[in-house]
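Chemist: Predicted model follows, preceded by the sequence.
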Amino acid sequence: MSSIFSALLTVFGIMFLGLIAERRRILAPTMALCLNQFVYWVSLPALLFTQMCSIHMNEEAATFMWATLASSMICYLAAYLFFSKLWRVHRPETTIRTLGAVFPNAAFFGLPFIFMVFPDNEAAATAGMLGALLYSAPFLTADATLDILSSAEGGGSRRNLGKRLFGELAHNPMIVSAVVGACAGFSGVPLPKALLSITQMLGSTAAPCALFGMGMVLSAQLSGTSGTRGSFNRKDLAVVCAAKLLIQPLFTFFVMLAAGCSGVALAVAVVTAAMPTGTIVYIVGERYQACPTEASMTVIVTTLLSLASLPLVMLALGWAGLV
């Protein structure tokens, strides 16, 4: 367990440094945006490209992929049923709460944590990256739902929805880099050493930059929610936090176990599901003006509570002999 607590201290330590830097105005106010843009467009895609070049698509990897996709989508549908009062209330706020309950911060938070808990473990790194990519499915579902709801409220058209979703996929640098890397790996064509060196060096900056930038973003969100930006439902917030940090990882464990996953793959799937809510939920809430304050608080509270929930999850996985 010492390695787990060491990983937690490292992850939250870097985030805390980012929070302090933003609070003390040590860096420019735009630095958080610059760091997150760098991670999103450069370092994480480089890391994914490097890892996917060496992935071996066997039966175990295929099982992990479809089981992760199934568990994430089942969780999404179950959460939507709950927040929509069994399909009776369809509002943007319903979709944002659903996304907050099931969309983990798998890339910016989850990957650094997995790399530290499972050091030099290629299987864990690959599973973590696949998990981060596959959780795009519930996000795209939520985005499509919000687009349809906003079009209906504004009297707009739902035409070309599929084209817009395809455009989002085609412009997502992490998905594109993963697909290109997988194609390069499956082709068997040797890549130039210089190219691999560049992607490896850039990829190595993903974890610290992502965590530091996330700390700065959380600091800005804390400052923003301390004022009177809007009210939020504390009961819904509590339900979303419980679903995200406790129910989803437990449900994922049983789904992955039933699918035949075991060992490191099972542990990584559960750890990924146990991550706090991704900051993109707040960004989407702001874009559609759907309970943005509650979405922001969901990100903040789940991140703070994960200090306690993640050790519990890791302890349970340790008792199960998975870590």
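Modeler: Ah, there it is.
Chemist: so where's this structure shaky on pLDDT?
Modeler: By pLDDT under 70, the low-scoring segments of the chain are 1-2, 151-162, 164-165, 224-232.
Chemist: Only the buried residues of the longest helix along it, if you could.
Modeler: What stands out as the longest helix in the chain, according to DSSP state H, is helix 292-319. Buried residues in helix 292-319, counted by 16 or more other C-beta atoms under 10 Å: 292-303, 305-306, 309-310, 313-314, 316-317. All C-beta spots, glycine's among them, are computed from the backbone N, C-alpha and C.
Chemist: so how far is that helix from its chain's centroid?
Modeler: Counting by C-alpha atoms, centre = their mean, to the nearest Å, helix 292-319 is centred 13 Å from the centre of its parent chain.
Chemist: for it, packing partners?
Modeler: helix 2-23, helix 92-102, helix 206-225, helix 234-242, helix 263-273, helix 280-288 (3 or more C-beta pairs under 8 Å, 6 or more residues apart in numbering; DSSP states H and E).
Chemist: Which one of these lies nearest to Cys183?
Modeler: Among these, the nearest to Cys183 by C-beta to C-beta is helix 206-225 (21.2 Å).
Chemist: Please point out which parts of the closest one sit buried.
Modeler: Neighbour-count burial for helix 206-225 flags 206-222, 225 (criterion: 16+ other C-beta under 10 Å).
Chemist: Am I right that Cys75 is in contact with Lys244?
Modeler: No - using C-beta atoms under 8 Å, Cys75 is not in contact with Lys244, being 9.5 Å away.
Chemist: what is in contact with the two at once?
Modeler: Taking C-beta atoms under 8 Å, 6 or more residues apart in numbering as the criterion, Cys75 and Lys244 both touch Ala101, Val102.
Chemist: and the residue nearest to Leu317 when sequence neighbours are not counted, how many residues sit next to it?
Modeler: For Leu317, ignoring the flanking residues on the chain, the nearest one in space by C-beta to C-beta, 6 or more residues apart in numbering is Val323 at 4.7 Å. Counted with other C-beta atoms under 10 Å, the neighbours of Val323 add up to 22.
Chemist: Likewise for His56?
Modeler: Neighbours around His56, by other C-beta under 10 Å: 11.
Chemist: go on, Val42?
Modeler: Residues contacting Val42 under the criterion other C-beta under 10 Å number 18.
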